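K.L.:
Using only what follows, build the 3D model:
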Amino acid sequence: MKHIFSKTAVAISLAISGFAGTSSVLAANLAGTDIAFSGYVKADAMISEYSDGTLASGSVGRDFYIPSLTPVGGNDEGTQFDAHIRQSRFRFTSNTETPEGDTITGVLELDFIVTSGGDERISNSYVPRVRHAFIKYKNWLVGQTWTTFMDVGSLPESLDFIGTTDGISFGRQVMVRYSTGGFQFALENPETTITPNGGGTRIVADDNAVPDAIAAYTLKRDWGYVKLAGMVRQLSYDDGTDIDADETGYGVAVSGKVMMDNGDDLRWMVNTGAGLGRYTALNASNGAVITPDNDLEAIDSTGYAIAYRHLWNEKMRSSVMFSAIEIDNDPTLTGTSVTQSSYSTRLNLLYSPTKALTVGAEYAYAKREIESGLEGDMNRIQFSAKYAF
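P.N.:
Residues are numbered from 1 along each chain as shown. All right, here's what the predicted structure looks like:
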């Protein structure tokens with residue numbers, strides 16, 4: 001990254017010097033600041049087959065794997081082919097040295113996943129979205145980035161957007177985070193997702209009065225690391241008429257990465273708790289369900305994931321992955337159409353003829369079951385080409 005900063009800073013300085021009249025102002029604004037531009041261009045093609053239904057055109061589940069979207073109880077409607085460049089992203093990073101000898105870092109990163117835009121008939125255009133936007137100064141981080149409850153290092157090298165989606169904690173949100181040594185303490189933007197009593201469309205309440213509180217500790221060693229994270233959150237819903245209820249949610253996540261002597265590595269995570277909701281498996285389960293007396297009851301869940309990456313040689317590697325989630329619903333409250341469990345497994349082969357370019361293929365199998373006993377599975381083959389800069 002330092003190499004990128006220096007090259008970019010030189011390029012910007014040269015460009016600014018060519019603009020008469022404004023160059024002195026711009027040069028003064030950039031004094032002491034290094035600016036970097038990085039990211040990647042990625043093209044994906046997927047062939048998907050579902051045992052019990054299909055995903056409609058435009059469904060986000062056709063762009064990447066989402067456990068709760070695997071169809072159940074329907075008819076086999078054949079094979080679907082999809083291709084897109086939505087994972088492509090770009091990132092701006094600035095580092096400014098202060099007179100006191102500290103550094104202020106600013107990050108802005110965008111991609112095109114989960115956004116609207118042109119359709120596949122003509123334009124295939126997509127609206128960009130913000131992934132990360134944060135400021136770092138000394139031990140403090142303020143802005144939007146990965147939740148502290150998540151462990152980015154435990155994510156596998158997958159052609160899918162996430163890979164071990166069923167069993168990991170995942171999310172980005174606005175926060176204030178303090179880091180010291182291996183410890184992190186954060187207050188993060190809250191949001192409660194709720195299942196209506198008896199089942200039905202998810203309620204996104206947005207009625208929380210306090211932020212989610214998360215603490216984590218990472219132990220680093222020569223062989224890798226282990227991260228322990230804990231969270232306490234408020235689950236809240238006020239419909240303005242009959243319901244004004246709060247419940248406490250909590251969770252624990254343990255994850256890590258083990259480096260092998262031959263260059264291989266093992267990545268893993270386990271998370272469990274009550275009211276984890278949106279923090280795990282891309283909100284496969286809601287945080288709480290409404291009871292008959294208009295109160296809230298937290299929903300328990302446990303997820304786990306493991307991935308092993310093997311280096312065949314300096315240009316070729318493979319990863320094998322497995323992840324799963326088990327949700328402890330009370331069907332008398334949630335109904336029987338909610339997800340009870342899901343799991344997925346993946347195997348890929350990636351080849352990099354040069355460091356910046358990677359091509360590969362990945363096979364995925366996923367299965368989902370709902371409380372009624374209905375289940376469905378997905379088979380998907382994905383091909384990708386990626387240029388990182």
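K.L.:
Show the residue spans covered by the helices in the stretch 201-350 of the chain.
P.N.:
331-334 (DSSP state H, counting those that start in this stretch).
K.L.:
Could I get the full set of strands for it?
P.N.:
According to DSSP state E, counting those that start in this stretch, the stretch 201-350 of the chain carries its strands in the segments 203-204, 212-221, 224-238, 244-259, 265-274, 288-290, 296-298, 300-311, 316-328, 339-354.
K.L.:
ok now stretch 42-59, how far from the chain's centre?
P.N.:
The chain centroid and the centroid of stretch 42-59 are separated by 20 Å under CA atoms, centre = their mean, to the nearest Å.
K.L.:
Need the residues that contact it.
P.N.:
The contact list for stretch 42-59 (CB atoms under 8 Å, 6 or more residues apart in numbering) reads 61-63, 69-88, 119-120, 159, 374-387. C-betas here are computed from N, CA, C, even on glycine.
K.L.:
Could you point out which residue ranges in the stretch 1-150 of the chain have low pLDDT?
P.N.:
1-31 (pLDDT under 70).
K.L.:
swap the cut-off to 50 and go again
P.N.:
1-29 (pLDDT under 50).
K.L.:
how about the helices in it?
P.N.:
2-17, 23-30.
K.L.:
Can you name the residues that contact the residue nearest to Met260 when sequence neighbours are not counted?
P.N.:
Nearest non-adjacent residue to Met260, counting by CB to CB, 6 or more residues apart in numbering: Leu266, 7.3 Å away. Neighbouring residues of Leu266 by CB under 8 Å, 6+ apart: 257-258, 260, 306-309.
K.L.:
Could I get the full set of strands for the stretch 1-150 of the chain?
P.N.:
Under DSSP E, counting those that start in this stretch, the stretch 1-150 of the chain gives strands at 33-50, 79-84, 89-97, 103-111, 129-137, 140-146.
K.L.:
and of those, who's closest to Glu314?
P.N.:
Closest approach to Glu314 among the strands of the stretch 1-150 of the chain is made by strand 33-50 (20.2 Å; CB to CB).
K.L.:
Each with direction, which strands does that closest one pair with?
P.N.:
strand 79-84 (antiparallel), strand 89-97 (antiparallel), strand 375-388 (antiparallel) (DSSP bridges).
K.L.:
before we move on, the earlier item: can you redo the strands of the stretch 1-150 of the chain as CSV with mean neighbour count?
P.N.:
CSV is the format used below for the strands of the stretch 1-150 of the chain (neighbours: other CB atoms under 10 Å):
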stretch, mean neighbour count
strand 33-50, 18
strand 79-84, 14
strand 89-97, 17
strand 103-111, 17
strand 129-137, 16
strand 140-146, 17
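K.L.:
Looking at those strands, which is nearest to Leu276?
P.N.:
From these, taking CB to CB, the stretch that ends up closest is strand 140-146, at 16.0 Å.
K.L.:
What's the first helix or strand after that closest one?
P.N.:
Next in sequence after strand 140-146, counting helices and strands by DSSP states H and E, comes strand 172-180.
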